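# just the structure for this:
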Amino acid sequence: MISPLEALERLADGNRRFVSDVRDHKTTVGGTQFRDQTAGQEPFAIILGCSDSRVPAEIVFDQGLGDLFVIRVAGNIVAPSQVGSVEFAAERFGTPLVVVLGHSECGAVLATLEELERPTESRSPNLASIVDRIRPTVESLFDSDLRNNAEDLVKHAVRANIRASVNQLRHGSRLLENLIQNNRLVVVGAEYSLDTGVVEFFEGMPAIG
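Numbers count the residues shown, from 1 in each chain. Okay, the predicted model is just below:
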């Protein structure tokens, strides 16, 4: 298995190809390639991303079948099932890298800010469970001077939500904590820009050298 830094570089290279509209022929999925995956999988990165239809991890990182272990949930939130999925891939496959992939103008974050602005009791309890996980992270921002600048508020809230998910994965699982302490796992945060297609890694980047 490759190192976390090598995994990060592989993702960054793939995103550069995606932005440039130049795909690697190795990642192009053909009608018979799925047969090569029947013996097992060795994903080099785990992606905990948002369910937004515009941010499919395999495409924005230009990766192929078997390269990524992808978990998608609205708002890239961390709940027990997501933690368990990350634990499964990290332990079973030895995958060395977890990326929490949020994106600009995240609908779940916007919904949370809307709920803080205009609370409602009619929201589905299932949707409310997503908002309630995001709320503690963005509430302090909503109560700050950022409230007077909607654009900046959303930008900061998206990043804060990504950081919160990274922190929960690092400190909300004994299994993951042990892997991190033994230098077998790195958890980072990244944001995908809907405007440019660029993924910016900004949280928890490992030191080079």
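
# give me the phi and psi for the residue nearest to Phe142 when sequence neighbours are not counted.
Of all residues beyond its chain neighbours, the one nearest Phe142 is Leu116 (4.8 Å), with distances taken as Cβ to Cβ, 6 or more residues apart in numbering. For glycine as for every other residue, the C-beta is placed from the backbone atoms N, C-alpha and C. Here is the backbone geometry of Leu116 (degrees, to the nearest 10): phi -70, psi -30.

# list of residues touching the helix or strand in which Leu8 is found?
Per DSSP states H and E, Leu8 falls inside helix 4-20. Helix 4-20 is contacted by residues 2, 23-24, 27, 44-45, 59-63, 96-97, 99, 185-186, 188, 196-199, 201, 205-206, 208 when judged by Cβ atoms under 8 Å, 6 or more residues apart in numbering.

# just the buried ones from these, in PyMOL syntax?
What follows is the PyMOL syntax for the buried subset of those, where burial is set by 16 or more other Cβ atoms under 10 Å:
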select buried, resi 27+44+45+60+61+62+63+96+97+99+185+186+188+197+199+201
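
# helix, strand or coil for Gly189?
Gly189 carries the three-state label strand when classified by DSSP: H, G, I helix; E, B strand; the rest coil.

# for it, which non-adjacent residue is spatially closest?
Glu203 is the one closest to Gly189 (Cβ to Cβ, 6+ apart), at 3.1 Å.

# wait, what's in contact with the one you found?
Contacts for Glu203 (Cβ under 8 Å, 6+ apart) come out as 100, 159, 162-163, 166, 188-190.

# pull the most distant pair out of the residues you listed.
Largest separation among these by Cβ to Cβ: Arg159 and Val188, giving 13.0 Å.

# before we move on, back to that, what residues of the helix holding Leu8 count as buried?
Along helix 4-20, the positions that meet the burial threshold by neighbour count (16+ other Cβ under 10 Å) are 4-5, 7-8, 10-12, 14-15, 17-18.

# cool, stretch 96-106 as well?
Of the residues in stretch 96-106, those buried under the neighbour-count criterion (16+ other Cβ under 10 Å) are 96-104, 106.
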